[in-house]
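**Student:** Would you be able to build a 3D model of this:
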Amino acid sequence: MVELDVEYPTIPNDIQVSDECIESAVREFRKNLEYAVSLEKELGGHGLSLLAPIESDADLRATSFGREHGISGALFFYVDLFKKLVEKNASAAKLEYLAWPIDDDSVFAVLRIWASGDQRLFSADEGGDILCLLSDYAFWYSRYQRDLLLALAKRWSDFSGRVKTKLGSRLLNGPPKLVAEEVDEYKERRAWWTLNRIEWLRSRGCEFDFDVNGESRKLRVIVPKWQPEYARKAADSLESRGGWVQTDTEPEALLKVPLSKVLDKAKELSGRNHELLVDRDPFAGLASNRPMRALSALTISAKHKDYPTWAWRTFLNSEARKSDKPKLSAFIAERVSGFPSEILAENIYSVCAWLFTSSTVLLKSFPQHFERLWIKLIAVLKSDTETANSSIIRGKKDPDWPLEALNAPVGKLAQVLMNDPQKDENQTGQGFSSRWIGRVDELLSFQGDLRRHALVMFAFNLNWFYQRDTGWTEKNLLSALDKEGQDQNALMAGFFWAAQVPNHELFLRLKPQLLTLAKNSAIRGHEYAAVLADLLLAGWRTTDRISGDRYVTNAEMRDVLVSSDDEFRSSILWRLEKSSEAEDEKKNWAKQISIFLNEVWPRQKSVKTPMMTAKLCNLAFSASAFFSNVVDAILPLVTKMNETSRHELLRLEGDTVSQNAEKALALLSAILPENATVWPYGIESALEAIELTEPVLSNDPRFVELKRRWNSR
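**Tutor:** Just a heads-up that it's a prediction; the model follows:
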């Protein structure tokens with residue numbers, strides 16, 4: 001029922017403590033740490049289990065994000081203070097150490113481990129005894145291992161024989177058995193941990209009084225998978241960190257093996273190794289830097305009927321393919337065209353994506369190679385439509401047609417055609433090149449989602465198609481609008497995705513669908529609702545040069561506003577407001593806004609909401625030069641605001657109020673409710689500006705009433 005957490009103050013990085021205050025500061029911040037530990041333990045202690053090591057790791061990959069947050073941030077601030085105290089007064093620092101709680105196996109255990117390595121505080125044996133007296137948990141907890149090993153390595157050579165024997169025995173015995181741990185599991189864990197620590201310490205020159213080689217051999221029998229490289233990383237930091245996964249694409253190892261062995265060697269060297277956030281992909285480097293060697297290796301493999309998908313995908317998807325010379329692109333097209341159909345089907349996504357990248361070069365310099373590959377791809381897509389589905393998993397959600405098309409083979413092929421220079425061979429209005437439009441027809445001849453992927457891409461360019469050949473566009477694209485369903489949805493999704501106001505003829509052709517869609521509740525909250533609002537407002541503001549009629553009439557726009565919701569109406573008003581900022585619209589804005597508010601904006605009660613009141617007020621405040629006229633227009637359209645809508649009034653600006661005090665008072669009197677606690681922010685300043693600018697208004701009954709409500713809140 002209640003979620004509890006410990007919150008820590010943010011301590012500035014540049015805070016300075018004077019030498020005179022350092023002892024007091026260390027003492028007080030230690031008390032704060034003790035309190036923090038008790039609070040964390042009260043919540044179960046999880047916040048204490050992820051402490052970062054005190055000794056930072058210079059070789060740490062990625063970014064550590066745990067050293068400045070939570071209890072670790074408080075710990076490291078205390079450590080910095082304690083270091084200054086050691087430098088100033090080691091005796092005082094040792095007294096501070098003696099005040100550390102000895103029954104804590106978290107923060108103060110880490111501090112004891114770290115401090116044991118400082119020879120200014122402790123002799124070698126004193127430091128050794130501190131480590132010997134650690135609890136099993138503190139001695140063997142993985143998060144403390146870095147500080148422990150560094151302290152041991154720093155002081156081992158100065159330890160007495162007694163201390164070395166105690167610590168060596170403890171290391172050799174390994175960690176204790178866990179309660180629910182099976183015996184065999186425990187033996188393996190114990191052997192693993194012991195090997196890591198004794199081998200790491202031996203690599204740092206630590207000498208033990210037992211036979212290290214003999215003991216290591218015994219332990220390695222228990223854990224045969226253990227490798228010396230694990231010990232080399234025993235003191236690496238385990239602190240929480242994050243960052244981008246780096247990909248090592250160095251291909252040098254693939255340059256030293258025969259071509260027939262390149263792919264096997266690349267697969268052997270690929271993947272994540274023991275280093276954090278590093279993926280190895282040498283074949284990607286070969287595909288980028290030595291493409292002919294990579295392609296030759298793939299060709300040799302193909303001669304043996306082996307077409308590794310991972311290798312072809314890596315090669316074809318390489319960024320380097322964008323800058324290939326035409327002959328190399330033609331060579332690749334020839335190789336891919338020779339794939340057996342089932343192999344081409346397996347690689348259909350990569351091949352179509354590559355063709356989109358290379359099509360311009362192929363169509364210009366090697367059209368025959370392009371034609372052969374195109375024919376092969378169409379044949380494969382027709383024979384195995386399952387392979388042509390989008391890589392986007394839809395699940396139970398409604399289709400996102402643009403996203404699906406962008407990640408589908410047919411969608412890529414449609415993009416290829418829109419890159420083809422042949423599409424522009426004929427003049428506007430004179431139709432299309434027969435070869436080019438034939439390929440378009442091939443894509444549109446597919447059924448189901450494959451056809452819709454093509455529809456989306458071509459609808460993105462609907463204005464261009466309509467200008468080139470109205471008849472073809474009507475028959476092959478716009479005919480999808482005649483029947484409700486996914487074809488219609490895909491076409492409209494592509495059109496909205498382009499977010500382009502179409503030419504006059506196409507706008508009028510689409511207007512019935514746009515108006516219907518704007519009145520449909522399904523559009524509400526949809527990502528294309530904003531584009532639809534833009535299109536309708538652009539249509540309302542645009543008039544036919546000959547007839548003078550608006551593309552969207554006043555009555556049509558009013559009908560949309562009545563039938564839609566506050567969100568869509570708000571979108572229209574916001575766009576109307578933004579149009580006042582455009583240089584080419586400023587002169588005409590006052591006239592347009594007057595017509596919109598007086599002849600378009602509906603008077604129905606269902607539209608006169610607190611939300612719309614706030615939006616209309618924002619519109620009035622958006623252009624101070626026309627404030628007076630806009631207020632006159634919106635006064636019949638507004639109502640009282642409420643708790644929710646007060647946050648929507650964003651433009652209650654002092655300058656506009658000062659310049660139009662009487663109109664501002666009229667507007668405020670109309671929209672402010674009886675309960676002054678729900679008035680919008682900035683009202684007090686607005687009232688002061690009205691009174692200061694026109695003192696006579698302070699006696700106006702409307703002003704007196706507003707002041708009464710405000711003072712009685």
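**Student:** So for stretch 485-504, what gets flagged as buried?
**Tutor:** 486-498, 500-502 (16 or more other C-beta atoms under 10 Å). The C-beta positions use only the backbone N, C-alpha and C, and glycine is treated the same way.
**Student:** what does stretch 249-260 give?
**Tutor:** Neighbour-count burial for stretch 249-260, counted by 16+ other C-beta under 10 Å, picks out 249, 251, 253-254.
**Student:** again, but for stretch 416-433
**Tutor:** Within stretch 416-433, the residues scored as buried using 16+ other C-beta under 10 Å are 416-417, 420, 422-423, 426, 432.
**Student:** mind listing what the residue lying closest to residue 560 once chain neighbours are set aside touches?
**Tutor:** Distances taken as C-beta to C-beta, 6 or more residues apart in numbering place residue 518 nearest to residue 560, at 4.6 Å, with adjacent residues excluded. By C-beta atoms under 8 Å, 6 or more residues apart in numbering, residue 518 lies in contact with 532-533, 536, 560, 563-564, 568.
**Student:** re earlier: residue 513: which of the buried residues of stretch 485-504 is nearest?
**Tutor:** Nearest to residue 513 among the buried residues of stretch 485-504, counting by C-beta to C-beta, is residue 492 at 7.0 Å.
**Student:** Quick check: residue 295 touching residue 331?
**Tutor:** Yes - Residue 295 is within contact range of residue 331, at 7.0 Å (criterion: C-beta atoms under 8 Å).
**Student:** how many other residues sit next to residue 641?
**Tutor:** Counted with other C-beta atoms under 10 Å, the neighbours of residue 641 add up to 24.
**Student:** oh, I was asking about residue 165
**Tutor:** Residue 165 is flanked by 14 other residues according to other C-beta under 10 Å.
**Student:** Next one, pLDDT for it please.
**Tutor:** You'll see residue 165 listed with a pLDDT of 94.
**Student:** got it, and the one 4 residues further on?
**Tutor:** Taken from the predicted model, the pLDDT recorded for residue 169 is 94.
**Student:** and it, that one's in a helix?
**Tutor:** Yes - assessed with DSSP: H, G, I helix; E, B strand; the rest coil, residue 169 lies in a helix.
**Student:** Check the gap between it and residue 147 for me.
**Tutor:** According to C-beta to C-beta, to the nearest Å, residue 169 stands 21 Å off from residue 147.
**Student:** Looking at the two, which has the bigger crowd around it?
**Tutor:** Neighbour count, other C-beta under 10 Å: between residue 169 and residue 147, residue 147 has more, with 25 against 13.
**Student:** what about that one, helix or strand, and which?
**Tutor:** In this structure, residue 147 sits in helix 145-155 according to DSSP states H and E.
**Student:** and that helix, how far from the chain's centre?
**Tutor:** The chain centroid and the centroid of helix 145-155 are separated by 40 Å under C-alpha atoms, centre = their mean, to the nearest Å.
**Student:** if I look at the closest residue in space to residue 120 that isn't next to it in sequence, how far off is residue 163?
**Tutor:** Excluding the flanking residues, the one nearest residue 120 by C-beta to C-beta, 6+ apart is residue 90, at 4.7 Å. From residue 90 across to residue 163, the span is 21 Å (C-beta to C-beta).
**Student:** leaving aside the residues next to it on the chain, what's closest to residue 408?
**Tutor:** Spatially, and ignoring its direct neighbours in sequence, residue 408 is nearest to residue 390 (3.9 Å; C-beta to C-beta, 6+ apart).
**Student:** What is the three-state secondary structure of the one you found?
**Tutor:** Here residue 390 is recorded as coil under three-state DSSP.
**Student:** Next up, phi/psi of it, please.
**Tutor:** Main-chain dihedrals, residue 390, degrees, to the nearest 10: phi -70, psi 150.
**Student:** Tell me who's in contact with it.
**Tutor:** If you count contacts by C-beta under 8 Å, 6+ apart, residue 390 has them with 404-405, 407-408, 411, 449, 453.
**Student:** Please enumerate the strands of this protein.
**Tutor:** Secondary structure of the chain (DSSP state E): strands at 63-64, 241-242, 246-248, 271-272, 278-280.
**Student:** Against residue 632, how distant is the closest residue to residue 651 other than its chain neighbours?
**Tutor:** Nearest residue to residue 651, sequence neighbours excluded (C-beta to C-beta, 6+ apart): residue 621, at 3.5 Å. Taking C-beta to C-beta as the measure, residue 621 falls 14 Å from residue 632.
**Student:** likewise residue 623?
**Tutor:** Residue 623 sits 14 Å away from residue 632, going by C-beta to C-beta.
**Student:** Residue 139 contacts residue 167, doesn't it?
**Tutor:** No - between residue 139 and residue 167 there is no contact under C-beta under 8 Å: 9.5 Å.
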